[in-house]
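A.B. asks: Below are the sequence and a predicted model for it; my questions follow.
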Amino acid sequence: VRVTGLDMVKLGMNTDSTGTAGRAKLAYFILSSFIGKVDGSARGRLFDVQDKGLDTNADNVLFSVSRASAPYHTDGASANIAYDAVGLLCINPALEGGKLHLSNA
C-alpha cells in the first residue's frame, strides 16, 4: 500500500533509520482513521512518549519526555475537548514501569 499526500512530520511521525517505527505509526494512523476522525490538533496529534532526561520540575516539561512517574491523568481530554477514544501504540516497550490503568466515566 502506498499512501501519498500525508505530511508525516505534521502528524508527529518521525522515522527511525530503518523506517520501521514510521511504518508502524502510519499503519496505526490508518487503522485509527477507520475507528473515527483522528484529531490533528496539538493535543490530538501523534507524538512520542520517550525519556529525554528532562526534569518535570522545570517550567513546562511534560511527563511524556521524562522518566518521572505521572499521576492519574487523561490522555487528550481538556476543559473544551473530550474524546470518545484515545489510543496508545508501544514501539519500544520498557523493561519495567509503564503501568496502565483504564477507566470509563
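C.D. replies: Perfect, I can see it now.
A.B. asks: CA atoms for contacts and neighbours, from now on please.
C.D. replies: Will do.
A.B. asks: In the chain, what residue spans correspond to strands?
C.D. replies: In the chain, no segments count as strands under DSSP state E.
A.B. asks: Low-confidence ranges, it, go.
C.D. replies: In the predicted model, the chain carries pLDDT under 70 at residues 1-18, 40-45, 76-77, 98, 105.
A.B. asks: now do 80
C.D. replies: Across the chain, the ranges flagged by pLDDT under 80 are 1-22, 39-48, 72-86, 91-105.
A.B. asks: what ranges do the helices span in it?
C.D. replies: Along the chain, the segments classed as helices by DSSP state H run 20-35.
A.B. asks: A70 and A82, how far apart?
C.D. replies: According to Cα to Cα, to the nearest Å, A70 and A82 sit 20 Å apart.
A.B. asks: I meant to write V65 there.
C.D. replies: For V65, the distance to A82 (Cα to Cα) stands at 23 Å.
A.B. asks: Just want to know which of those two has more residues nearby.
C.D. replies: Counted by other Cα atoms under 10 Å, V65 and A82 do not tie: V65 has more neighbours, with 16 against 12.
A.B. asks: My read is that that one contacts A58, right?
C.D. replies: No - judged on Cα atoms under 8 Å, V65 makes no contact with A58 at a distance of 11.9 Å.
A.B. asks: any residues in contact with both of these two?
C.D. replies: Here V65 and A58 share no contacting residue, scored by Cα atoms under 8 Å, 6 or more residues apart in numbering.
A.B. asks: what about K25, neighbour count?
C.D. replies: 23.
A.B. asks: I meant to write I91 there.
C.D. replies: Residue crowding around I91 was assessed by other Cα under 10 Å; the count is 13.
A.B. asks: measure it to T74 for me?
C.D. replies: Taking Cα to Cα as the measure, I91 falls 21 Å from T74.
A.B. asks: same thing with T20?
C.D. replies: Plainly put, T20 is 28 Å away from T74 if you go by Cα to Cα.
A.B. asks: before we move on, what about C90?
C.D. replies: With distances taken as Cα to Cα, C90 is found 17 Å from T74.
A.B. asks: Please export the alpha-carbon coordinates of stretch 61-77; PDB is fine.
C.D. replies: Extracted in PDB, the C-alpha atoms of stretch 61-77 (Å, rounded to 0.1, in the frame of the first residue of the first chain):
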ATOM      1  CA  VAL A  61       8.200  20.000  31.000                       C
ATOM      2  CA  LEU A  62       5.700  17.200  30.400                       C
ATOM      3  CA  PHE A  63       5.900  13.700  32.000                       C
ATOM      4  CA  SER A  64       6.000  12.300  28.500                       C
ATOM      5  CA  VAL A  65       9.600  13.400  28.000                       C
ATOM      6  CA  SER A  66      10.900  12.200  31.400                       C
ATOM      7  CA  ARG A  67      11.300   9.100  33.400                       C
ATOM      8  CA  ALA A  68       9.200  10.600  36.200                       C
ATOM      9  CA  SER A  69       6.000   8.800  37.200                       C
ATOM     10  CA  ALA A  70       2.900  10.500  36.100                       C
ATOM     11  CA  PRO A  71      -0.100  10.900  38.400                       C
ATOM     12  CA  TYR A  72      -3.500   9.800  37.200                       C
ATOM     13  CA  HIS A  73      -4.400  11.800  34.200                       C
ATOM     14  CA  THR A  74      -6.400  11.700  31.000                       C
ATOM     15  CA  ASP A  75      -4.700  11.500  27.600                       C
ATOM     16  CA  GLY A  76      -6.100  14.200  25.400                       C
ATOM     17  CA  ALA A  77      -9.100  15.500  27.400                       C
END
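A.B. asks: Many thanks, I have nothing further to ask.
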